[in-house]
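Engineer: Next input, structure requested:
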Amino acid sequence: RLDGKPVSENNLADYFLGTLNDEKAPLAARLLALRAIPAAHAKLKPETLLDPLKQEDPTFRVEALRALKDRGDAKAAPAVLAIAKGVRFPVNVRAQAVLTLSALNADTDTFVALADDDATRHEALRALTSAKLNGKQQDDLRLAVKGKDDSAELAARVQGKPANAKRPEVKDTAAWLKLLEGPADAEAGRRIFEHPKLAGCYKCHQVEGRGAKIGPDLSLIGRTDRKWIVESLLQPSATVAPYYQAWKIETTDSRTLTGLLIGTYVDVSEYIDEKGNKFKVSANDVADIRAAKNSIMPDKLIDVLTDQEVRDLVAYLESRK
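Structural biologist: Prediction:
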């Protein structure tokens, strides 16, 4: 506005991109600019994000890896893999690189190999969730996690064992709070929040501009009570703000659709579903429409997470203040 330019998302993104590419700008300013540029911005190219990977600052590297993850551009995979394997890099940077590789759909052998490294084991095992391993891969993975007690639950999930066995009822908040006591890693919780193979929290929620706008922005959720955070994870339909009311639409051709209303254009309404997919419905095609009883956030989302992952996720949400 001070420069006399129209204020729009594209103009803001262009301005921040200029700051990111300005090597004379303070690193802190370039970091904030990187966080503010939407990953899908047309002028943000993979090669633009490869330069920040060369910065010695770990936070800057992590942020570049997060942006590459959100873009999902496989061209960046070799550079990301080099960081995941690079023993000279800090653990949190290497772990983020593995998460980014998961979003870039790296091959199973890559994650099996990374599971044999203490720095990347947990993220590699998360990336293998629901993967189909051949005999050799299974043998290699067993050797990689042998004697690693902190990886037992993650390895069991890769083998198809449920992660939610012997848990309290979802309405027994007191028992859950007791279960979730103990050490937790908020940084690991952030990666769990952003993981494409787990609950996929980022597909509906934003934190500091990253993620989607389907559900409430969680940038400051840590200002609320821990009990409320846990209850929201366990019972997403218990309290739904009016703005996030989902609608159930029955169409004249017998389809049933559920989504949040995001816009109406004359006689066509646009919705977004729980997976972030947008769809349009013409008024002429609606047989019935009513408020959905449940939140668009599905129940049992945390069933795929181990107990420790739930602890870490809650710790991350509590840290957002």
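Engineer: ok, residue 279 touching residue 255?
Structural biologist: No - using Cβ atoms under 8 Å, residue 279 is not in contact with residue 255; the gap is 10.2 Å. (C-beta placed from N, C-alpha, C; glycine too.)
Engineer: model confidence over the helix or strand harbouring residue 260, on average?
Structural biologist: Taking DSSP states H and E as the definition, one finds residue 260 inside strand 256-265. Averaging pLDDT along strand 256-265 yields 89.
Engineer: Sort out which residues of the next helix or strand after that strand are buried, please.
Structural biologist: Later in the chain than strand 256-265, the nearest helix or strand by DSSP H and E is strand 268-272. If you call a residue buried by 16 or more other Cβ atoms under 10 Å, then strand 268-272 has these buried ones: 269, 271-272.
Engineer: Please tell me the pLDDT value assigned to the residue sitting nearest the centre point of the chain.
Structural biologist: Closest residue to the average C-alpha location of the chain: residue 194 at 1.8 Å, with Cα atoms, centre = their mean. What the model reports for residue 194 is a pLDDT of 95.
Engineer: Skip the chain neighbours and tell me the closest residue to it.
Structural biologist: residue 202 (4.7 Å; Cβ to Cβ, 6 or more residues apart in numbering).
Engineer: what about the one you found, which SS state?
Structural biologist: Here residue 202 is helix, with the state taken from DSSP: H, G, I helix; E, B strand; the rest coil.
Engineer: Only the buried residues of whatever helix or strand residue 78 lives in, if you could.
Structural biologist: Using DSSP H and E, residue 78 maps to helix 77-85. By neighbour count on 16+ other Cβ under 10 Å, the buried set for helix 77-85 is 77, 79-81, 83-85.
Engineer: and those residues, which two are the farthest apart?
Structural biologist: Of all pairs drawn from these, the greatest distance, 12.2 Å, lies between 77 and 85 (Cβ to Cβ).
Engineer: which stretches of this protein have low pLDDT?
Structural biologist: 240-241, 243 (pLDDT under 70).
Engineer: need the strands for it, in chain order.
Structural biologist: 206-207, 210-211, 246-251, 256-265, 268-272, 278-282, 286-291 (DSSP state E).
Engineer: Need the winner for burial among these.
Structural biologist: strand 210-211 (a mean of 20; mean count of other Cβ atoms under 10 Å).
Engineer: Name the surrounding residues that touch it.
Structural biologist: For strand 210-211, contacts defined as Cβ atoms under 8 Å, 6 or more residues apart in numbering pick out 35, 39, 66, 70, 194, 201-205.
Engineer: Which of the residues you listed are buried, as a PyMOL select command?
Structural biologist: To isolate in PyMOL the members of these that are buried, counting by 16+ other Cβ under 10 Å, one can use:
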select buried, resi 39+66+70+194+201+202+203+204+205
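Engineer: Same list, the contacts of strand 210-211, but as CSV with distance to residue 300 please.
Structural biologist: Formatted as CSV, the contacts of strand 210-211 follow (distance: Cβ to Cβ, whole Å):
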residue, distance to residue 300
35, 32
39, 29
66, 27
70, 26
194, 20
201, 14
202, 18
203, 16
204, 15
205, 17
